[in-house]
Each structure stands twice: as structure tokens, then as C-alpha cells.
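> Fold the stuff below for me.
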Amino acid sequence: MRFTTPEYRQKLLSAARLILKQERSVIRDNLDLLESAAELRDGWRVDGFMPYSYQAQWFESGFKFRLRYLSAANRIGKTFCAAAEFSYHATGCYPDWWRGYRVPTELIGLSRIMWVVGYRIKQGMSRRETAGITAQWSASSGV
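This is a model prediction of the structure:
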């Protein structure tokens, strides 16, 4: 997937939403645009991410604390939450609502190693849970 700007992705998704409200003939004439929008939506999941209150508090705590621990119920977004934060730090593309730590701008473009360490990896989780995050990071960094 190629790198695009958040503004471009937002415009494409908005155009697709408008087209879907039209008659079938208009939709048929714009299938290529709708397919591109669907690919962006699936491949850049981080763009539409809005945190729950517990996730927002966890993000904000990164401004004050270097090490943090997130403990919550199963299957409610812990992995995606952490992967989204990693994506924001790796790319420097922070959402408007972001109140946590920000990597200094001068470090964003530099070649650096970023590590993600976990105690246990669930089978089949990596691609499904972090879809879009990996694409965003790899496309912007050239990896």
C-alpha cells in the first residue's frame, strides 16, 4: 500500500460516502473510487480510531509516565490501542484528540529502531488486530 496523507484519505472517504447516497447508476460509474475508499478504510484503520475513555486516559498518562501498564477485559481493544500509539510515534501523524507524549518532530525522519515487546503472541492476531497500523508505518518509513 502506498503512503497517502490523512487529508487525501479523508477526502476520498467523504467522496465515497456522498456517492453511496446517490442512485445506482452513479454508484456503478464510480466503482473504482469506492473500491479505493474501501481499501483505504481497511488498510488505514488508525485514521478513524476514537479511543474509549480508559484508552484516552492511558494515552494521556504517556505524557507524564515513561512506563505504563494497561489491564482490561479480553477483546476490547488493548492490542489495537497500543499498536495505534506505536503507529503515531513511528509516523508522527498524531490525531487532533491526542493529549499524550509526542515524539519530537526532529526525531521523526531519522532512521531509528523502535521495539515492540510482548509477553505472549496470540495466533492469527498480528495481521487482523494491527491491520492498517503496519501499512501506515511501513509506507511512511519506506520499510
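
> State the distance from the residue nearest to the spatial centre of the chain to residue 9.
In the chain, the residue lying closest to the centroid (Cα atoms, centre = their mean) is residue 46, at 1.9 Å. For residue 46, the distance to residue 9 equals 10 Å [Cβ to Cβ, to the nearest Å]. Backbone N, C-alpha and C define where each C-beta goes, glycine included.

> What residue spans form the domains of this protein?
6-43, 50-141 (automatic domain parsing).

> Could you tell me the least trusted of these?
Note on these: domain 50-141 shows the lowest mean pLDDT, a mean of 77.

> could I get the domains of the chain as a markdown table with mean neighbour count?
Output for the domains of the chain, formatted as a markdown table (neighbours: other Cβ atoms under 10 Å):
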| stretch | mean neighbour count |
| --- | --- |
| domain 6-43 | 13 |
| domain 50-141 | 14 |
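
> and residue 69, what is it in contact with?
Counting by Cβ atoms under 8 Å, 6 or more residues apart in numbering, residue 69 touches no other residue.

> Quick check: phi and psi at the residue lying closest to residue 82 once chain neighbours are set aside.
In space, and not counting its chain neighbours, residue 82 is closest to residue 70: 7.0 Å by Cβ to Cβ, 6 or more residues apart in numbering. Backbone torsions of residue 70, given as degrees, to the nearest 10, read phi -110, psi 110.
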